[in-house]
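> here's my sequence, what's the structure:
(4 chains)
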Number of protein chains: 2
Amino acid sequence: MAANSQFSMAVHVLSMLAASRDENVKSDCIAGSVNTNPVVIRRLLGQLAQAGLVVSQSGSNGGTRLAKCPNEINLADVYSAVSCGEVFALHAREPNKDCPVGRNIEAVLCHVQKRIDRTIAETLSSYTLANIFDMVEKGAAA
Amino acid sequence: MAANSQFSMAVHVLSMLAASRDENVKSDCIAGSVNTNPVVIRRLLGQLAQAGLVVSQSGSNGGTRLAKCPNEINLADVYSAVSCGEVFALHAREPNKDCPVGRNIEAVLCHVQKRIDRTIAETLSSYTLANIFDMVEKGAAA
DNA sequence: GACATTGTAACTAATATCGTTACAGATGGC
DNA sequence: GCCATCTGTAACGATATTAGTTACAATGTC
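So this is what the prediction gives:
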């Protein structure tokens, strides 16, 4: 249970909210579709709310709905909202600074990492929630 | 100790091998620079050997060296050699197929995931080991 | 044959993610 | 005002992954 499925869950959740535009959806209902516990959903919704993608209401008739139109939300927003870790981690233990390679490798890797993060953000930002919801409705990806 | 630093280690290791071109390097020596245990290095070298990036020799005077020139190895090769997990995981538990969204979301996410994998591979393949070693020698990234 | 080195299995420790229970706080209907 | 319903969040446990470590067989050099 190590890999991070928060992004997948987030896209799933947002698609459901997109399906019930302007109507509060309860965490119980979402949990039923994602097949998990409502608390897991509420935790996730908290992150999405902080990022300004959704708004929640407590109380009776409470629930959550999108804070923007589906075409104003792109997957890069979602990705950064759930703060997935980096694609690869830098060294766990600091390399040996007495070695010419050990001394400089971290800076180089850091540079590569930033480059990749940018690439991913660019790719993800080409998908809006509206696009995704379209694909989901049509039933096929591709 | 959760994030995957194998890619970082692999690049570090390969840079060291590039520095000692055509000369066997011992896992002990590499471990000294990476600041970890020789066994961890040998495990990693095993993966790199399977991918045809390095060759190892046992016995006295054994060790490991590059199997190709540094400019014939790119970071996409390295990335796939150490088989880092995907950038994001698909759903841990299967979504509810009775929900229109749950039924189709996985295919859509799978599509997005493949797209990202391709993007990452493209970006990484623009760096050769020779490039990386150059940066390491110059001391600065940028 | 002695010795150095790799390859690999087995175990431990640390950590992250997810699921679950529990409960306080908010909100609306009556 | 009271109650049912919902969110927000804390606390805990189960599970999985990663890395570090020890141990030892297999391999190759001298």
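> now do the strands in chain A.
For chain A, the strands defined by DSSP state E occupy A:54-57, A:63-66.
> which other residues reach the first one?
Okay, so that is strand A:54-57. The contact list for strand A:54-57 (CB atoms under 8 Å, 6 or more residues apart in numbering or on different chains) reads A:Leu14, A:Leu17, A:Asn24, A:Leu45, A:Leu48, A:Ala49, A:Gly62, A:Gly63, A:Thr64, A:Arg65, A:Leu66, A:Ala67. (Each C-beta comes from the backbone N, C-alpha and C, glycine too.)
> can you do 10 Å?
For strand A:54-57, contacts defined as CB atoms under 10 Å, 6 or more residues apart in numbering or on different chains pick out A:10, A:13-14, A:17, A:24-25, A:27, A:42, A:44-49, A:62-68, A:73, A:81.
> same deal with the last one?
Strand A:63-66 has contacts (CB under 10 Å, 6+ apart) with A:13-14, A:16-18, A:20-30, A:41-42, A:45-46, A:48-49, A:53-57, A:72-73, A:129.
> go with 8 Å
With CB under 8 Å, 6+ apart as the test, strand A:63-66 has contacts from A:14, A:17-18, A:20-27, A:30, A:45, A:49, A:53-57, A:73, A:129.
> next one: stretch A:17-26
Residues outside stretch A:17-26 that contact it (CB under 8 Å, 6+ apart) are A:16, A:54, A:57, A:61-66, A:70, A:129-130, A:133, B:100-101.
> do that again at 6 Å, thanks
A:Gly63, A:Thr64, A:Arg65, A:Leu66, A:Pro70, A:Leu129, A:Phe133 (CB atoms under 6 Å, 6 or more residues apart in numbering or on different chains).
> mind listing what the fifth one touches?
Spelled out, it's A:Pro70. A:Pro70 is in contact with A:Ala18, A:Leu129, A:Ala130, A:Phe133, counting by CB under 6 Å, 6+ apart.
> among the strands of chain A, which is the most enclosed?
strand A:63-66 (a mean of 20; mean count of other CB atoms under 10 Å in any protein chain shown).
> can you tell if that strand touches DNA strand D?
Yes: Strand A:63-66 reaches DNA strand D (CB under 7 Å from any atom of the strand) through A:Gly63, A:Thr64.
> pLDDT of that strand, averaged?
Strand A:63-66 shows an average pLDDT of 97 in the prediction.
> pop out the phi and psi values for the residue in chain A positioned nearest to DNA strand C.
When scored by CB to the nearest atom of the strand, chain A has A:Gly59 as its residue closest to DNA strand C, at 2.0 Å. Per-residue torsions, A:Gly59: phi 80, psi 180 (degrees, to the nearest 10).
> appreciated, that's everything.
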